[in-house]
Each structure stands twice: as structure tokens, then as C-alpha cells.
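[1] below is the structure, and that's it, no one-letter string:
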């Protein structure tokens, strides 16, 4: 997250070997980032979060269309060249909307390059850099901090997954699975899609003047919705500039190349080993994550901090079970390591769990004496105790304060 662009191979074909990424330069460095406010985010629990990329299916040039909205839109998004898109994934729960990720991608002749960013303090921050060619996906992630290779998987069924967001539209058009919902709205009903598995409605909004996509929306009962907002969708000529866009970016070497987590988290140097239920949980999770359980230290009641060569992980014990979340050392030094629970509304009685506190449990590096947080209002200064702070809200911004 492989279909091949067969019908575009005649137009400036690329030899994938000529656009392969050069060997990862672990010694490369970039200037240290400026201090900024970060949006509170939830680390993956119960194991690492794995995100894969897919090369999108792009049929060939559109044939003569019949003048319908679907045909005009198909013709507008089906042209030879380098496909370029920029989208924002936005979720709506009740009346609250949250833009989670901004994705930019380029695709041509079986090669796809995708940059996925999260918004912190209203600014995009790169989280994933993925390139797929020849059935292999090369991935750099901010959390992992290394370049990895894996086998690519077939294209997903939804535009809000990584890949060309209009590939599914073209597939649905060719299958006759688009139907009008209004003068500029097309419902999609493609077999095998996730929206067929429940009471979902999925549709595209099309600009009637340009015939280009405006948004893709999935709605479900209760008002919840997921929206892919199209900020850019275009086809560019293949040249030196667009060819360069098909390459993976250069990335700095991870902090773990020159330092260790223990040098920056005092609890890992002087803390006590977790015992009892927390200790047993640490040993069990450490085995599954291939971590050294003897290096774990108690950070707070029911919470332990443990580090490997590249990552720093939180392990927690709750009345409902256990959880873990890991972050690469570079990010741990800049933003800490956190796990948490969203709190948009009180949990129903059936879902309330003794000991589970909404908000973020955050491990911070040495020298951070307080954290300033903001939740749609003024900044609030909150003291840090050792390497730990609990922030009572899940969604917002925060800044580390040092002497």
C-alpha cells in the first residue's frame, strides 16, 4: 500500500532501475529542527503500527465519453504522464472534525512515491516516505528512523489508504459502479470495498467546471464520516523535475547512531526495575518486541520505560489489560514517548475501565521541567515529575520547557 500502468508504458517509459534510491547515507545530517509546538498523538498500543503503501491502478487514456459527470471526471483524471496528488484525510465524529494526515504522491509507469505528514501546530511534519517499484516498497518512517524494504501488497479498496486516491474511481467507472447522487456527486458501489461491510455510504464530489475531484466521503449512521479532501490532483509531463519526485527523499541518520536513550532519560540510569504485575507484563511484552526486559525501569505506577538500540517504549498495565507504544530515539528526544486515550465525551458505563485515565501518559527526556499545553485556548504550564507527566487531554498541542 501491485497493479501496473500498462497503458502508459508507451509515454516516456521509466526503467525502474534508473530511479532506484541510492544507498541510505547513515552519516547524513540535517540542521536541528526549531523548537515548535506538537500536537498530542497516540502511540500504537499492543505492538508496532505498520503502514504499507500500494501502487495504484491507473487505466489508460479515456475513450470518448458520453458527457455525463462520471465520464467527464474519468477523462479528467485519466491522462498519460506523472500523476500528482495532495490530499488531507479528515475524520468527523459528531460535530467535531480533525485533519489527521496530509498525503502527497507521484505515480508513473509502475513507480509510486508517497509522502505522508501529520499536522502539528497547524504545520505538516513528515511521518512516512514510501516508494514502490518492481514489487518492492522502500519505507522511511519518522518513528522507525531507518529505511526498510518489504514486499509490496495489492492496491487497497479505498482512496483514504496510501496510493493514487482516484485509482478506485477509475476502477468503479470501468465496472459501471458509479451512480449520481446529485448534480456534482457520484456514489460508488464497488464489490470488495470496506463500505460494503456495513451501513456505509461512499461518494465523490466532483467540481462541475473542471470535472476534477473535490472530496471523497464515507459516512455511517450517527454522523461519523471520513473525508479525503483533494487539494491537488493533476497529471504532469515526465521530465527531469517530475522524475526526481519519484525518488525517496534524503533523510538524516537516526540519533541512535551517536547516542543512547539511557544518556537522556535518567529513569533508565537510576530507576528501579518493575516488579509484580508490571514486571511480569514487561517481561512478556519485551519477549514479543525482542527487547531486553532487564533494561526496563518503573516510570510511574503501572508504567515502565524500556529502550532498545533504536527505540524507546512505554509499557503499561491497566485493569482492562496491557499496552505498549514505541518511538524512535530521535523523536523521543524531540517529542517524548506517549500513550493515551481520547476523551471527546464520558465513556458509557459498559466501557468504563477502572484505572484507565483519559489523556496522555508522556515520558520526557532529561532537562524538561514542564510542558506547556493548549486545547483550543490559552497555554497551560504543567510540571514534570522526573521523566513523566500525565496530560489530561488527548488532542491539543504541547511544548517542552527547559531551564
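    Here it is on my side, so go on. It should be emphasised that the depicted structure is a prediction, and the values quoted were computed from it without experimental measurement.

[2] so residue 184 is in contact with residue 206, correct?
    Yes: counting by C-beta atoms under 8 Å, residue 184 touches residue 206, with 5.3 Å between them. C-beta coordinates here come from the backbone N, C-alpha and C atoms, glycine included.

[3] give the residues shared as contacts by those two.
    Shared contacts of residue 184 and residue 206 (C-beta atoms under 8 Å, 6 or more residues apart in numbering): 69, 214.

[4] neighbour count: those two, which is higher?
    A direct count of neighbours by other C-beta atoms under 10 Å for residue 184 and residue 206 places residue 206 higher, at 24 against 16.

[5] so what pairs up with the more buried one in the strands?
    residue 213 (DSSP bridges).

[6] how near is it to residue 169?
    9 Å (C-beta to C-beta, to the nearest Å).

[7] shared neighbours, these two?
    Joint contacts of residue 206 and residue 169 (C-beta under 8 Å, 6+ apart) are 73, 213.

[8] neighbours around residue 312, how many?
    27.

[9] for the helix or strand harbouring it, enumerate the helices and strands it packs against.
    For residue 312, the element it lies in under DSSP states H and E is strand 311-318. Packed against strand 311-318, as judged by 3 or more C-beta pairs under 8 Å, 6 or more residues apart in numbering; DSSP states H and E, are the following elements: helix 276-289, strand 303-307, strand 321-328, helix 329-335, strand 337-341, strand 359-363.

[10] in its sheet, which strands sit next to the fifth one, and in what direction?
    In the sheet, strand 337-341 lines up against strand 359-363 (antiparallel) (DSSP bridges).

[11] for the helices and strands packed on strand 311-318, which one sits closest to residue 189?
    strand 337-341 (35.4 Å; C-beta to C-beta).

[12] the closest one vs strand 303-307, what angle?
    140 degrees (axes from the mean of the first three to the mean of the last three C-alpha atoms, to 10 degrees).

[13] model confidence over strand 337-341, on average?
    What strand 337-341 shows for mean pLDDT is 82.

[14] likewise stretch 90-103?
    For stretch 90-103, the mean confidence score works out to 65.

[15] one more: stretch 169-189?
    89.

[16] and for stretch 241-250?
    94.

[17] for stretch 293-312, same thing?
    Across stretch 293-312, pLDDT averages out at 92.

[18] now that stretch, how far from the chain's geometric center?
    25 Å (C-alpha atoms, centre = their mean, to the nearest Å).

[19] buried sites along that stretch?
    By neighbour count on 16 or more other C-beta atoms under 10 Å, the buried set for stretch 293-312 is 293, 295-300, 302-308, 310-312.

[20] which helix or strand contains residue 268?
    helix 266-270.

[21] this completes my enquiry, with thanks.
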